[in-house]
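**Q** Return a 3D structure for these sequence lines:
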Amino acid sequence: MLFAIDIGNTNIVLGIFADDSLAATWRVETKKQKTADEYAILIRNLLAADDFAPEHIHGAIISCVVPPLQSVFENVIHKLFDCRPVVVGPGIKTGMPILYDNPKEVGADRIVNAVAAFDKVGDSLVCIDFGTATTFDVVSEKGEYLGGIITPGITISLDALFFRASKLPRIDLSPPRHVIGKNTIESIQSGVLYGYIGLVDGIVQRIWHELDRKVYTMATGGLAELIAPQSKTIKEVDQDITLRGLLLLYHLNRG
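**A** Residues are numbered from 1 along each chain as shown. Now for the predicted structure:
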């Protein structure tokens, strides 16, 4: 079995593949201060709760955008599974030309998403990841990573509003009853939600214009389920796309 780890700024997504099928997934909060021992105990408990034995896992791959945690999780993999993980980063085989001014600047998670999305769609596409930042990654019909867009995530926008506007409350983001809010909470919900939907559709339409064609647009990430149903451009939500990209890159690099 393969253990896949996607370390993001807000959450860490863990997955187990058995015969290339995703057998289990977990999502835990990212905490930079945790030690390898603490994460090892957490992962061991997650495995035990779903009846997975560490000795049955023979490979691992890590995608990390939080540099201090990369070595932590390399140690965790060694402690639990006694193997050396594949780490997504410079020098790894992706099978995808990276047409960025400096390919090393592209976040590991963005490359993983692009590889998995192109493997699934087989044509030019946009993959949107609603994480701490919202990223738009564009792949050509030839399977080339063309580049993308990075915007502040929805939660960052809400936090900024709360911290910078003294009289506005912190809220949970959920769809309001109407576009025109009848109270402060609904007004914030409407502004953030529909403003963000407008941002997403506006950026995607500009990408389509630059590519001179409409291309398949898919979404992933924690808030994708909230935005996608209201979007005019997003055709699919796939919450496992990053883990499946890690599976593809593992096979490409370890055979």
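**Q** where does the protein have its least confident helix or strand?
**A** Lowest on mean pLDDT, DSSP states H and E among the helices and strands of the chain sits helix 154-164, with a mean of 81.
**Q** Residue 184 against residue 162, yeah?
**A** No - counting by Cβ atoms under 8 Å, residue 162 is not a contact partner of residue 184; they are 11.9 Å apart. C-beta coordinates here come from the backbone N, C-alpha and C atoms, glycine included.
**Q** Return every residue with contacts to both of those two.
**A** 168-169 (Cβ atoms under 8 Å, 6 or more residues apart in numbering).
**Q** Give the buried residues for the strand or helix carrying residue 207.
**A** If you go by DSSP states H and E, residue 207 is part of helix 184-211. For helix 184-211, the neighbour count (16 or more other Cβ atoms under 10 Å) marks 186, 188-190, 192-193, 196-197, 199-201, 203-204, 207-208 as buried.
**Q** Closest to residue 171 out of those residues?
**A** residue 188 (5.5 Å; Cβ to Cβ).
**Q** so that closest one touches residue 160, yeah?
**A** No - using Cβ under 8 Å, residue 188 is not in contact with residue 160; the gap is 11.9 Å.
**Q** tell me the mean pLDDT for stretch 207-218?
**A** The average pLDDT for stretch 207-218 rounds to 97.
**Q** Go ahead and measure how far it is from the middle of the chain.
**A** 21 Å (Cα atoms, centre = their mean, to the nearest Å).
**Q** Quick check: residue 78 touching residue 84?
**A** Yes - contact status for residue 78 versus residue 84: in contact at 7.2 Å, counting by Cβ under 8 Å.
**Q** Thanks a lot, catch you later.
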